[in-house]
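Visitor: Just need the structure, nothing else, for what follows:
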Amino acid sequence: LVMSIKTGIWHAPFLLAIGVVVGMFAVMYGVVVLVGVTTESAPLALILSYGLIFSSLILMNKAAIAPQIRLPWRHVFVGFYYVVPGVGEVTRLVAQLAGDGNVTSWQPFFIALLIGALLYALAAVAFQRRDF
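Guide: Numbering: from 1, shown residues only. Here you go, the predicted structure:
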């Protein structure tokens, strides 16, 4: 934003990428909030959020990995693909926005936002049930 103001060059898809990054930060913060409220352990919350980032980088290669997994476990792997926020795929989306602006699919971002909303709802329920 600052560079656009200083140079006068506006690339709308790049500015949209800022919103996508903020949205993904909110989703990952939802993981931290839910784990922090339920376990009262900030280190565990951070470790789990980093673990989700790492696992999403593996899960983003679903098309190449899933056919190599035996059938009962393949469904579990694909299920994790749709449950874990797709940080890796959204990173690819941000790169597409910053480049030519042509995005192949917004699905990972919208699924991640839905997961984030669910995480915040679960955290709110857990927080209301706490006895201080």
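Visitor: Not counting sequence-adjacent ones, nearest residue to Trp106?
Guide: Leu93 (7.2 Å; Cβ to Cβ, 6 or more residues apart in numbering). All C-beta atoms are positioned from the backbone trio N, CA, C, and that covers glycine.
Visitor: quick one, what contacts that neighbour?
Guide: Neighbouring residues of Leu93 by Cβ atoms under 8 Å, 6 or more residues apart in numbering: Val20, Val103, Thr104, Ser105, Trp106, Pro108, Phe109.
Visitor: Tell me the buried residues in the longest helix seen in the chain?
Guide: In the chain, assigned by DSSP state H, the helix with the most residues is helix 12-39. By 16 or more other Cβ atoms under 10 Å, the buried positions in helix 12-39 come out as 13-14, 16-17, 20, 24, 26-38.
Visitor: Run the chain-centre distance for the helix or strand following that helix.
Guide: Following helix 12-39 in sequence order, the next helix or strand is helix 42-59 (DSSP states H and E). On the basis of Cα atoms, centre = their mean, to the nearest Å, helix 42-59 sits 10 Å off its chain's mean C-alpha point.
Visitor: Many thanks, have a good one.
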